[in-house]
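**Q** take this sequence and fold it.
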Amino acid sequence: MFTATLIAAGRLTPNIVAAAQERLAAADCAPTTLGWIDEGDAADLHFELAPADARAALEGMFEAVDVVVQPRETRRKMLLVADMDSTMITVECIDELADYAGLKPQIAAITERAMRGELDFEAALDARVGLLKGLRGSVIQECFDERVRLMPGATALVRTMRGWGATAVLVSGGFTRFAEPVANAIGFDRAIANVLELEDGVLTGAVARPIVGAATKRTTLLQTRAALGLADSATLAVGDGANDLAMIEVAGLGVAYRAKPIVAAAAAARVEHGDLTALLWAQGVPKAEWAA
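**A** Now for the predicted structure:
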């Protein structure tokens, strides 16, 4: 048994839900029942056959509607592994740091190419951090205070999941000086990120080894899953860049969140229109059960 969840906060109409049910029937997915999770926001359509055909029949067919197709029985997850930059927060921290050095256009261009999978992540990180050599270390806190904002829905997602006993891990190719306070603010169990090296109060232009990249994200998901004794299907990974692909591909539900094309094409689910609370509706959780 499978579920297709339609998500469009404040914009989901009965006509859209009915049209989606008809599309499932036309794709020979054997739809059974449908029902609102939250009326006008999210609805579930249950069906019996061909989840790949269901996704093809529904995804992108309705304006500003996100669709998540998955097995019905395993939709509520017990492990969340999440990216930080442009996923749990609204910015890329290294690009914002670069602005304080007057180098944002140059560094942001490298970031964009790395997130699209056009550059090796570790080499790109070394190149960008190298350009920041000599920047005052105090700028990191200034940047955090002035530029870093939580992604809408991040706190509700993490705290609601932890409320039913799930574990949440933030794994970032960014930096501990950002990731640790972000994780604390949102409610993650722990954060893993890169360490910027400083000497005499200024950035040396180097990152401590080993670098946290795609392999670390994947390993963190697999090792945490094993330590908790969870099935593959009980895990959720979410990110936006190419260095998130490795964890997205091994998660029970891998989600591309407002992601680069290479990630959106590979992920089992995409969220393009909603905020991170879409991942609560995808797990069948109504607003009344969300953490404040």
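**Q** identify the residues contacting the residue nearest to the spatial centre of the chain.
**A** Nearest to the mean C-alpha position of the chain, by C-alpha atoms, centre = their mean, lies residue 238 at 2.7 Å. Residues near residue 238 by C-beta atoms under 8 Å, 6 or more residues apart in numbering: 80-83, 87, 244, 248, 254-257, 276, 279. (Each C-beta comes from the backbone N, C-alpha and C, glycine too.)
**Q** okay, those residues in a markdown table with neighbour count and distance to residue 93 next?
**A** A markdown table is the format used below for those (neighbours: other C-beta atoms under 10 Å; distance: C-beta to C-beta, whole Å):
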| residue | neighbour count | distance to residue 93 |
| --- | --- | --- |
| 80 | 25 | 21 |
| 81 | 29 | 19 |
| 82 | 30 | 15 |
| 83 | 26 | 12 |
| 87 | 23 | 12 |
| 244 | 31 | 16 |
| 248 | 29 | 21 |
| 254 | 24 | 23 |
| 255 | 27 | 21 |
| 256 | 27 | 20 |
| 257 | 28 | 17 |
| 276 | 24 | 18 |
| 279 | 30 | 22 |
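**Q** before we move on, the earlier item: which residues does the residue nearest to the centre of the chain bridge with?
**A** Bridge pairing for residue 238 (DSSP bridges) gives the partners residue 82, residue 255.
**Q** need the longest helix for this structure.
**A** helix 214-228 (DSSP state H).
**Q** name the residues of that helix that are buried.
**A** 214, 216-218, 220-222, 224-225 (16 or more other C-beta atoms under 10 Å).
**Q** of these, just say which sits nearest to residue 203.
**A** Set against residue 203, the nearest of the buried residues of helix 214-228 by C-beta to C-beta is residue 216 (21.8 Å).
**Q** quick check: that closest one touching residue 194?
**A** No - with contact defined as C-beta atoms under 8 Å, residue 216 does not count as touching residue 194 (9.4 Å).
**Q** helices along the stretch 101-250 of the chain, start to end?
**A** For the stretch 101-250 of the chain, the helices defined by DSSP state H, counting those that start in this stretch cover 104-115, 121-131, 138-147, 154-163, 176-186, 214-228, 245-250.
**Q** show me where the chain has its strands.
**A** 2-7, 31-38, 42-47, 66-71, 79-82, 167-175, 190-194, 196-199, 202-207, 235-239, 253-257, 269-271 (DSSP state E).
**Q** coming back round to it: dump the contacts of residue 238 into JSON lines; add pLDDT as well.
**A** JSON lines is the format used below for the contacts of residue 238 (pLDDT from 0 to 100):
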{"residue": "80", "pLDDT": "99"}
{"residue": "81", "pLDDT": "99"}
{"residue": "82", "pLDDT": "99"}
{"residue": "83", "pLDDT": "98"}
{"residue": "87", "pLDDT": "98"}
{"residue": "244", "pLDDT": "98"}
{"residue": "248", "pLDDT": "98"}
{"residue": "254", "pLDDT": "98"}
{"residue": "255", "pLDDT": "98"}
{"residue": "256", "pLDDT": "98"}
{"residue": "257", "pLDDT": "98"}
{"residue": "276", "pLDDT": "98"}
{"residue": "279", "pLDDT": "98"}
